[in-house]
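structure for the following, please:
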Amino acid sequence: MNAPRLSFDRFVIGANNRLAAAAARAVAESPGSTYNPLFIYGAHGLGKSHLLGAIAELTETLWPETEVRCEDGTHFAAEHAASVAAGETELFVASYAHAGMLLMDEVHALDGHAAAQLALAGIIDALVDAGHQVVLASDRLPDQIVDVQEALVRTVSQGLLVDVSPPDYETRAAILQRMATEQNLELTADVVQDLAQREYKDIEALRTTLGEIAGRQSKPVPQITDGGEFESFLSDVQVVVQQHVESWRGRLREAIAYWQAEGFHTAVLERALELPRAPDVSGLTATFAAAVDHLRTLERQARQVDPSLVGHAVFRDPERMSEAEDLVERALSGEAPAKGPSPAFARDAFEVGASNQLAVHAADAVVAEPARRYNPLVLYGPSGVGKTHLANAIGNALVQRGGGATVVACINAQQLVDELIEAVQEGSVERWRARYRSASALIVDDIQFLGGKERTQEEFFSVFNALIDAGKQVVLTSDRVPADITDLEARLRSRFEGGLVVPIQSPDRALRERLFARFLADARRDASEDLLHALGEHPVQSVREIIGVVTRLGAMAEVQGRAITVELVREALGGGTAVSVPTPRLNAAVPAGQPFLDPEKVVWDWPDAGARLIDEVR
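Numbering: from 1, shown residues only. A predicted model of the protein is given here:
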């Protein structure tokens, strides 16, 4: 299956297979992150095996550490039956656990093999849950396999099912030209037209047509061998087609005239006319056509967001492709740019102690080398210990480091959910995706709120992988480790835990004293060492509690006309316990049987004004 000739470069794309080819390339470029499992179906001879081979070839090139396992349905069924006979079914299933990618051709060969189908369903589920890619090919849909098991249909249907159909005229012509070019043949226009105008279900039907042409030319028809479909076809072409050398410059001029009439700049083709030797004209014009097709796709995307962009010059020049892509990306994300980090959270304002030292070290490393060392960085700990501050401080430092050119998106997970819901309602999900994919770095606070949000998790998984693959930094915060987040998908959990997961704990005594000193200074209150020592004994669990204590002490001191002293601290906090507020009593008795007491309509008799003010501030 994984022959060198089975590559994406050699796969001719047309309307009949465009979606299948795009999905196949996507899983090869980013295994396990999208379309998993991918199920390709279609009649024999339409290129399914070629696509599987191309996936394997590109995956091994881009991800050499990934173990690619290639199988077919017949072999799988036979091996499974042998394992059952030997009582080694568990070992058989376990042998697939280490495959980073499983490619299985001819799944329809599992017709009637119920036990093998169930085993395959379990293997696919385990691989997908582990973030490993699965691609299957068959001559029919999953539910059309004889005696198919519901478990296999359900498992396969969770991914993407895409078909390949017989090629149209343009694709048949392109296939002919591609095959002839690879064999250094020049097909005359009338031969290509004669062959391409006929309809074929598969390569075998095309061979039959070639035999008819060969008969008319009194040429012997070669026997079809067991070789690959491309090799056999090219052998037939060599027998029935005369070599015909056309002027390569003439063919280039024809292409230039055609694309200029379509409104596209052809400078790259015009420069080729000046070459001293004949270039690969077919390859050059095919590449130009593919670039034009991509430009047209980009223009359609831009039209959905901003109709005024239609006809923009960048969509008419293949040499300005990157400009066109940037224009579309800006258009998709421009209406509602992602919110950045809060300027109030600065790194130099974050107090460091034993309870957060490791997290701060990781944060500084991320700023120094974004996406190089800890990606993603996950900060977790109880509420109020400084996770949000540190995460925003990272974002502000990245913005400063980039000289203003760095776009850092910073958002709370619940806001992310709300945004996606709004995007779904408005039909602007693609714009929502682009908003975050276009960011230089992404910070998401309180990711525990993603638990149970299936659509948000699916979309965030795609955005997360796109950012990581593009070498962009991701920082996340949570009130617990990812493994403890309820209803968080396994694939997200594994991605989060693939970076650095580091805790921020409740402040220790030394850190509490420094925090009390900072917040007292912010409140313009004097703080002696004895006062800070007394405050440090107070067992607060978070920075928020420290701020609350300072606020209460300030209010009490103001009401009583006193300074904040050790005595006031001990009086208010009771030597390490929270301040005790006397229980209020009602001025009037509650009527018998009163089911509900509205606090806004109750008059309380407060023992003293200081206690009431303290309670209000709390």
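
what segments of the stretch 51-200 of the chain are strands?
When secondary structure is read from DSSP state E, counting those that start in this stretch, the stretch 51-200 of the chain shows strands at 68-72, 101-105, 133-138, 160-163.

again with the chain
38-41, 68-72, 101-105, 133-138, 160-163, 377-380, 408-412, 441-445, 473-478, 500-503, 585-586, 604-605 (DSSP state E).

where does the prediction get shaky in the stretch 451-600 of the chain?
574-600 (pLDDT under 70).

related to what we said a few turns ago, what would the strands of the chain look like in TSV with mean neighbour count?
Any C-beta I mention is one placed from the backbone N, CA and C, and that applies to glycine too. Putting the strands of the chain into TSV (neighbours: other CB atoms under 10 Å) gives the following:
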stretch	mean neighbour count
strand 38-41	24
strand 68-72	19
strand 101-105	24
strand 133-138	27
strand 160-163	18
strand 377-380	25
strand 408-412	22
strand 441-445	25
strand 473-478	26
strand 500-503	18
strand 585-586	10
strand 604-605	10
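
so what's the predicted local confidence for R5?
On pLDDT, R5 comes in at 63.

now do E67
For E67, the model assigns a pLDDT of 92.

show me what contacts it?
H98, A99, G100, M101 (CB atoms under 8 Å, 6 or more residues apart in numbering).

from L416, how far out is the last one?
Spelled out, it's M101. To L416, M101 is 30 Å away according to CB to CB, to the nearest Å.

list the contacts of stretch 318-337.
Contacts for stretch 318-337 (CB under 8 Å, 6+ apart): 264-265, 267-268, 288, 291-292, 294-295, 298-299, 301-302, 305-306, 309, 312-315, 407, 430-431, 434-435, 437-438.

what do you get for stretch 103-121?
By CB under 8 Å, 6+ apart, stretch 103-121 touches 1, 39, 48-49, 52, 55-56, 68-74, 76-77, 80-81, 84, 89, 92-93, 134-140, 142, 145-149, 151-152, 154-156.

how far out from the middle of the chain is that stretch?
Counting by CA atoms, centre = their mean, to the nearest Å, stretch 103-121 is centred 30 Å from the centre of its parent chain.

could you tell me the end-to-end distance of that stretch?
One end of stretch 103-121 sits 14 Å from the other (CA to CA, to the nearest Å).

and that stretch, which residues are buried?
Within stretch 103-121, the residues that count as buried by 16 or more other CB atoms under 10 Å are 103-110, 113, 116-121.

same check, this time on stretch 52-70
52-60, 63, 66, 68-70.

and if you look at stretch 425-441?
Quick answer for stretch 425-441 (16+ other CB under 10 Å): S428, R431, W432, R433, A434, R435, Y436, R437, S438, A439, S440, A441.

distance between stretch 157-168 and the chain's centre?
With CA atoms, centre = their mean as the basis, stretch 157-168 stands 22 Å off its chain's centre.

quick one: contacts of it?
12, 14-17, 19-20, 23, 35-43, 46-48, 51, 128, 134, 141-142, 175, 199-202.

what mean pLDDT does it get?
pLDDT averaged over stretch 157-168 gives 83.

which of the buried residues of stretch 103-121 lies closest to A423?
Proximity of the buried residues of stretch 103-121 to A423 (CB to CB) peaks at A121, which lies at 33.7 Å.

contacts only, for the spatially most central residue of the chain.
For the chain, the residue nearest the mean C-alpha position is S462 (2.3 Å; CA atoms, centre = their mean). Shown in contact with S462 (CB under 8 Å, 6+ apart): S33, T34, R433.

wait, which of those residues is closest to A527?
Of those, the one sitting nearest to A527 (CB to CB) turns out to be R433, at 49.6 Å.

report pLDDT for that closest one.
85.

how much space between it and N356?
34 Å.

do the same with D530
26 Å.

which one of those two is surrounded by more residues?
N356 (27 against 11; other CB atoms under 10 Å).

from A413, how far off is that one?
As for N356, its distance to A413 is 21 Å (criterion: CB to CB).

does L295 really touch A313, like I thought?
No: L295 is beyond contact range of A313, at 11.0 Å (criterion: CB atoms under 8 Å).

same drill for the two, tell me which one is more crowded.
Neighbours per residue (other CB under 10 Å) separate L295 from A313, with L295 holding more: 20 against 10.

what does the pLDDT read for the more buried one?
92.

with adjacent residues omitted, what lies nearest to it?
Using CB to CB, 6 or more residues apart in numbering and skipping the chain neighbours, the partner closest in space to L295 is F315 (5.1 Å).

still on that earlier bit, for the strands of the stretch 51-200 of the chain, give me JSON lines that also has distance to S282.
Below are the strands of the stretch 51-200 of the chain laid out as JSON lines (distance: least, CB to CB, whole Å):
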{"stretch": "strand 68-72", "distance to S282": "31"}
{"stretch": "strand 101-105", "distance to S282": "30"}
{"stretch": "strand 133-138", "distance to S282": "29"}
{"stretch": "strand 160-163", "distance to S282": "28"}
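
V569 is nearest to which of the ones you listed?
strand 133-138 (61.0 Å).

strands paired with that closest one, and their directions?
strand 38-41 (parallel), strand 101-105 (parallel) (DSSP bridges).

tell me the mean pLDDT for the shortest one?
Over the span of strand 38-41, the pLDDT mean works out to 93.

repeat that for the last one.
Throughout strand 101-105, pLDDT has a mean value of 95.

where does pLDDT dip in the stretch 151-300 of the chain?
For the stretch 151-300 of the chain (pLDDT under 70), the answer is 168-174, 176-246.

output stretch 515-525 as PDB - backbone C-alpha positions only.
Output of stretch 515-525 as PDB, limited to C-alpha atoms (Å, rounded to 0.1, in the frame of the first residue of the first chain):
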ATOM      1  CA  LEU A 515       0.800  40.300  50.300                       C
ATOM      2  CA  PHE A 516      -0.500  42.000  53.400                       C
ATOM      3  CA  ALA A 517       2.300  44.500  53.100                       C
ATOM      4  CA  ARG A 518       1.500  45.200  49.500                       C
ATOM      5  CA  PHE A 519      -2.300  45.700  50.000                       C
ATOM      6  CA  LEU A 520      -1.800  47.800  53.100                       C
ATOM      7  CA  ALA A 521       0.500  50.000  51.100                       C
ATOM      8  CA  ASP A 522      -2.000  50.200  48.300                       C
ATOM      9  CA  ALA A 523      -4.600  51.300  50.900                       C
ATOM     10  CA  ARG A 524      -2.000  53.900  52.300                       C
ATOM     11  CA  ARG A 525      -1.800  52.200  55.600                       C
END
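
ok, now which ones touch H80?
H80 neighbours (CB under 8 Å, 6+ apart): T89, F92, H113, A115, A116, A119.

give me the subset of these lying in helices.
Those of those mapping onto helices are T89, F92, A115, A116, A119, per DSSP state H.

quick one: buried residues of stretch 81-90?
Applying 16+ other CB under 10 Å to stretch 81-90 flags S83 as buried.

measure that stretch end to end?
12 Å.

mind listing residues that contact it?
Taking CB under 8 Å, 6+ apart as the rule, stretch 81-90 contacts H80, L91, F92, H113, A115, A116, A119.

so who does the residue lying closest to W63 once chain neighbours are set aside touch?
Of all residues not flanking W63 in the chain, P31 sits nearest, at 6.4 Å (CB to CB, 6+ apart). P31 makes contacts with T59, W63, T66, G100, M101, H132, Q133, as judged by CB under 8 Å, 6+ apart.
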